[in-house]
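# Everything below, folded, please.
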Amino acid sequence: MQGLSKTRTELPEMLVFDILAKLPAKSLIRFKCVCKHWNSSFQTPLFITQHHHNHLRNNNLNFIFKRSIGNSSSYCNLFELSTEDGQSFSLKQNIRLPLCNDRWRRPEVYGPCNGIFCVESRDNLALWNPSTSQFKILPRSSVQRPPADLTRFFRVGFGYDSQTYDYKVLRFVSNRSKNEYGAYSYETKQVDLYSLKGNSWKEISSPGVTAWGRAWFDNHVNGICYWPAYGSNSDGFCCILSFDMVNERFSTLSLPEFHGGFVLYEPLLLNINGLLGAIIFSRSWEDTMVEIWVMSGSWTKLSVIECAFGIGIPLGFWKNGELFFESRDRELVLFDPSTRELKNLGIHARSMYNGTMEIISYAESLVTFN
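Residues are numbered from 1 along each chain as shown. Model (predicted):
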C-alpha cells in the first residue's frame, strides 16, 4: 500500500490579496509581520484604495458620537457608537486623542476623507486615522500675516488631490484691526493651504464670499470641498463655495431652490453616495419639514421628510437610510422615512440646555501619514 502523498495548493497571489483587502484594518496590522512582502503590499496606494472601497461598498461603516457641553471652554467626549443586534445602540470606548489638554478642548472633526480626519482645536491642527490610531500634528502655518489686532482661524476644508496623491488642509483666516474707537472695523481675509506631501503651508487667493458650515458633515466629494456661503450684504446663505483640491481654485454654485428661503432654513452639505447632497431643515423646532437634495448636473429633490414635533436637527444617515436627529430634549433619535418610525436611542447630551451632539461615520482606512 502506497503512502498517501500530501499536496500543497497555493492560491494565486491576486486572489490572496483580494481576500485580504476585505479584512478589518486591525487584522491587517497584525498580518504585517507575516512577511516583508505583505507588509510592503499593505502600504501601496492600490491596496489601500481597494481595502477602503470594499468597506464602503459593503456598507461596513463605523460611527463616532461626539458629546460636549455648550460653552467655549468646555470639554467634549468622543465615543464609538455601535449596535450589536441592529436594535439597541450603545456608546463604547471613550476615544482619547493625543495632546488632550487645555489646547485640545472641544476639537472639531472634519471629514472623513478616505477614512481619515482633520482635527482642529483653536489654532492647532492634526490628521487622525481612527482605524490605525495614527495621529500627526501639523506644523504651524508659515504664511505671513498683515498687521492686525486679532487673528482668528475659522472654517477648515480637508480633502484629497488624486493627481498628486496628496492630502490637503484648507483654513480660512481673518485678520481684524481696531478703529479709533476701539471697535474691530477692518478685516483682511486670507486662506492657508497645507500639503501633507510637502509638509508645508502656502497662501492662496481668498474668495469673495464667506464660507460657513457645520464641521461634522463630510463636505468633501470627489476631490472638492463645499461650504454654504454668505455674500457681503446677505441676510442668509447666498450660494455654495467650492474648492478643488487638484487645481487649488475656488468657485461657486447655486443652492437648491428651496421654497422657505435661507434666512429661516439651514442647508447642511454632505456626501450622498458619491454626489454632493444637501439636507435642508428649519432653525425653528416647530417646523418639522426636512428636504434632501442631490447635485447631479443640477439639483434634484430626493425626498421630503415630515418628522415628529420637536425633532429638528439632522445628524446624518445610519446604514439602512435611516436618519439620526437631535431632539428638542437633546436626545439622540433615529427616524425611518419608509415606515415613519421614530426610535429614541437612550443617548443624550450632557446638558439639557447647552449640550450638543454630533454623529460622524467613516469606512476603515489603511492610509498612513509617512
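
# For stretch 228-247, give the mean pLDDT please.
The pLDDT scores in stretch 228-247 average 80.

# let me fix that: stretch 198-208
Rounded mean pLDDT across stretch 198-208 is 92.

# what does stretch 89-97 give?
Here the average pLDDT along stretch 89-97 is 77.

# contacts for that stretch?
The contact list for stretch 89-97 (Cβ atoms under 8 Å, 6 or more residues apart in numbering) reads 64-65, 77-84, 104, 107, 119, 126, 128, 130, 135, 332, 334, 345-347. All C-beta atoms are positioned from the backbone trio N, CA, C, and that covers glycine.

# Do a quick rundown of the helices in this protein.
Under the criterion DSSP state H, the chain contains helices at 13-20, 25-31, 36-41, 45-57.

# just those: most buried one?
helix 45-57 (a mean of 16; mean count of other Cβ atoms under 10 Å).

# if we can go back for a sec, among the contacts of stretch 89-97, which are in strands?
Taking DSSP state E, the ones among those that sit in strands are 64-65, 77-83, 119, 126, 128, 135, 332, 334, 345-347.

# Show me which of the residues you listed are buried.
64-65, 78-79, 81, 119, 126, 128, 332, 334, 345, 347 (16 or more other Cβ atoms under 10 Å).

# Run through the bridge partners of the closest residue to T210 other than its chain neighbours.
Nearest non-adjacent residue to T210, counting by Cβ to Cβ, 6 or more residues apart in numbering: Y230, 4.6 Å away. Beta-bridge partners of Y230, counted by DSSP bridges, are T210, F237.

# Just give me the neighbour total for Y230.
18 (other Cβ atoms under 10 Å).

# again, but for D161
Neighbours of D161 under the rule other Cβ under 10 Å: 18.

# so who does it touch?
D161 touches 167-168, 223, 245-246, counting by Cβ under 8 Å, 6+ apart.

# Could you check how far it is from F243?
D161 is 11 Å from F243, where distance means Cβ to Cβ, to the nearest Å.

# cool, and Y110?
From Y110 to F243 the distance is 13 Å (Cβ to Cβ).

# same deal with P12?
Separation of P12 from F243 (Cβ to Cβ): 43 Å.

# And D336, by the same measure?
Applying Cβ to Cβ to D336 and F243 gives a distance of 35 Å.

# what do you get for H51?
H51 sits at a distance of 27 Å from F243 (criterion: Cβ to Cβ).

# remind me which residues of the stretch 51-200 of the chain are low pLDDT?
For the stretch 51-200 of the chain, residues meeting the criterion pLDDT under 70 lie at 69-76, 84-87, 93, 98-106.

# Name all residues that make contact with F79.
Contacts of F79 by Cβ under 8 Å, 6+ apart are 64-67, 91-95.

# Mark which of these are buried, thanks.
For the contacts of F79, buried by 16+ other Cβ under 10 Å: 64-67, 91, 95.

# closest to R328 among these?
Nearest to R328 among those is R67, at 16.9 Å by Cβ to Cβ.

# ok, so what distance separates the closest one from W227?
Going from R67 to W227 by Cβ to Cβ gives 25 Å.

# now swap in N271 and tell me
As for N271, its distance to W227 is 14 Å (criterion: Cβ to Cβ).

# Could you do F79 as well?
Counting by Cβ to Cβ, the gap from F79 to W227 is 27 Å.

# Could you do S251 as well?
12 Å.

# Pull up the overlap in contacts between those two.
With Cβ under 8 Å, 6+ apart, S251 and W227 have common neighbours 241-242.

# Fine by me, thanks again.
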